[in-house]
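A.B. asks: This is the structure alone, sequence omitted:
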């Protein structure tokens with residue numbers, strides 16, 4: 001029996017990462033009920049076969065709860081690591097010299113292999129190398145095509161295969177490894193809705209992923225490299241969505257630089273009409289604690305006030321002791337912030353000027369008309385989802401009910417602010433459009449008898465990209481009578 005879940009009492013979306021603590025069907029269903037709007041599958045952990053059952057469990061929610069589900073597959077990307085040490089670990093002392101080279105011989109306190117030839121060609125004197133998530137810092141003093149000499153600025157213990165970050169130069173490495181290409185093909189075969197690309201440094205990094213996806217999923221760019229900030233507008237233009245990946249961004253940049261960049265990335269994404277996810281350490285303490293710190297709650301609230309489309313849980317829901325409580329807390333914070341009378345003004349600090357198109361003009365008008373006539377919702381008919389993205393960019397004060405005959409579109413909209421997507425048959429006439437808009441608004445609890453709604457569609461019907469109709473509709477008490485099916 002379907003246990004329908006209607007629209008959330010908030011417009012910001014919650015993206016929950018699945019993992020060892022949350023991969024069973026029952027737990028995924030519980031997270032969905034607690035407030036998860038979309039699910040992230042981290043391709044860095046586990047093998048592909050282990051993901052098949054998880055994806056099937058997410059899709060099973062559609063029949064159980066009568067809602068499209070949203071799945072994001074997050075590719076690992078290239079991982080830069082040092083080689084191994086003869087003793088397993090060494091102590092790098094402040095002020096000491098240390099060399100990275102191409103020799104696979106196990107290292108010692110003076111040298112270690114760096115098995116990434118691209119770094120040797122790109123590095124420059126004065127550049128920093130960050131080791132073990134930034135715990136150790138060395139600065140380049142000299143280099144050649146097979147040797148990088150450095151001075152230790154922040155010392156500590158360095159052990160086998162620890163990660164390395166190169167924040168000061170653009171490393172000419174492809175954003176997709178062989179593992180990523182395999183994982184991308186697998187994810188598309190499994191019909192996931194979004195592919196997240198790691199290690200994006202320049203817009204060209206997105207081209208190969210776009211070619212391999214072939215329209216089977218939407219492409220999300222993770223902004224986690226300082227180099228990406230320098231070409232942010234171009235990167236956002238080339239992708240379908242953006243993630244503020246604060247983990248690596250916070251390693252490669254001073255911590256105090258991350259909040260302004262987060263606001264800049266969110267603002268740029270909103271201005272360009274791309275859904276934007278804020279991620280990493282949002283409720284980090286809830287990995288072990290049933291309640292978050294006040295600072296973490298403020299961090300989540302700030303992202304919501306800035307108008308982010310989605311807020312993401314990582315280890316909190318994937319491997320923590322309190323996955324359901326973490327999702328419920330995200331849900332509660334979202335509801336509380338959006339009840340704040342000042343919320344509506346704050347999310348409009350970002351100016352989203354419409355493009356000179358009919359669809360953009362109507363989207364801006366829909367928001368204003370809904371406010372002026374006190375409409376209960378905006379309802380849009382769409383095939384590709386572009387109309388929904390345009391309306392959501394305006395951050396209207398009312399819910400956005402999206403009716404689409406395309407199940408892939410309905411699923412992808414799970415990351416879009418304020419959107420409640422319904423997979424339903426298309427309409428053939430203006431009269432059918434009006435009748436269906438009323439019926440669906442009532443059926444899904446978006447509006448009630450006596451309310452007005454704003455309806456958007458394109459004529460001729462069933463023609464993608466033809467949005468040119470905006471109509472205000474009054475709902476009567478008997479709209480559901482005599483109507484069956486979707």
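C.D. replies: Yep, it's here. This structure is a prediction, so every number in the text was calculated from the model and none was measured.
A.B. asks: From here on, just use CA atoms for contacts and neighbour counts.
C.D. replies: Noted.
A.B. asks: State whether residue 402 is indeed within a strand.
C.D. replies: Yes: counting by DSSP: H, G, I helix; E, B strand; the rest coil, one finds residue 402 located in a strand.
A.B. asks: May I have the phi/psi pair for the closest residue to it other than its chain neighbours?
C.D. replies: Using Cα to Cα, 6 or more residues apart in numbering and skipping the chain neighbours, the partner closest in space to residue 402 is residue 421 (4.6 Å). Dihedral pair for residue 421: phi -100, psi 140, per degrees, to the nearest 10.
A.B. asks: residue boundaries of the helices in the stretch 101-250 of the chain?
C.D. replies: For the stretch 101-250 of the chain, the helices defined by DSSP state H, counting those that start in this stretch occupy 117-122, 178-189, 205-213, 226-230, 232-238, 246-252.
A.B. asks: and of those, who's closest to residue 66?
C.D. replies: With Cα to Cα as the criterion, residue 66 lies closest to helix 178-189 of the helices of the stretch 101-250 of the chain, at 23.4 Å.
A.B. asks: tell me the angle of the closest one relative to helix 205-213?
C.D. replies: Counting by axes from the mean of the first three to the mean of the last three Cα atoms, to 10 degrees, helix 178-189 lies at 50 degrees to helix 205-213.
A.B. asks: coming back round to it: of all the helices of the stretch 101-250 of the chain, which one is nearest residue 160?
C.D. replies: helix 117-122 (18.5 Å).
A.B. asks: any idea how far the closest one is from the chain center?
C.D. replies: Relative to its parent chain, helix 117-122 has a centroid offset of 31 Å by Cα atoms, centre = their mean, to the nearest Å.
A.B. asks: And stretch 373-391, by the same measure?
C.D. replies: Stretch 373-391 sits 21 Å away from the centroid of its parent chain (Cα atoms, centre = their mean).
A.B. asks: average pLDDT for that stretch?
C.D. replies: In this model, stretch 373-391 has a mean pLDDT of 94.
A.B. asks: Sticking with residue 312, tell me its helix or strand.
C.D. replies: strand 310-313 (DSSP states H and E).
A.B. asks: angle of the helix or strand where residue 436 lies against strand 400-404?
C.D. replies: Here residue 436, judged by DSSP H and E, is contained in helix 430-443. Per the same axes, to 10 degrees, the angle that helix 430-443 makes with strand 400-404 is 130 degrees.
A.B. asks: Quick check: buried residues in helix 430-443?
C.D. replies: 433-442 (16 or more other Cα atoms under 10 Å).
A.B. asks: what mean pLDDT does that helix have?
C.D. replies: In the prediction, helix 430-443 has an average pLDDT of 92.
A.B. asks: list the helices and strands the helix or strand that comes right after the strand holding residue 312 packs on?
C.D. replies: Next along the chain after strand 310-313, taking DSSP H and E as the criterion, comes helix 315-318. For helix 315-318, the elements it packs on are strand 13-18, helix 323-339, judged by 3 or more Cα pairs under 8 Å, 6 or more residues apart in numbering; DSSP states H and E.
A.B. asks: Please work out the average pLDDT along the last one.
C.D. replies: Taken as a whole, helix 323-339 has an average pLDDT of 98.
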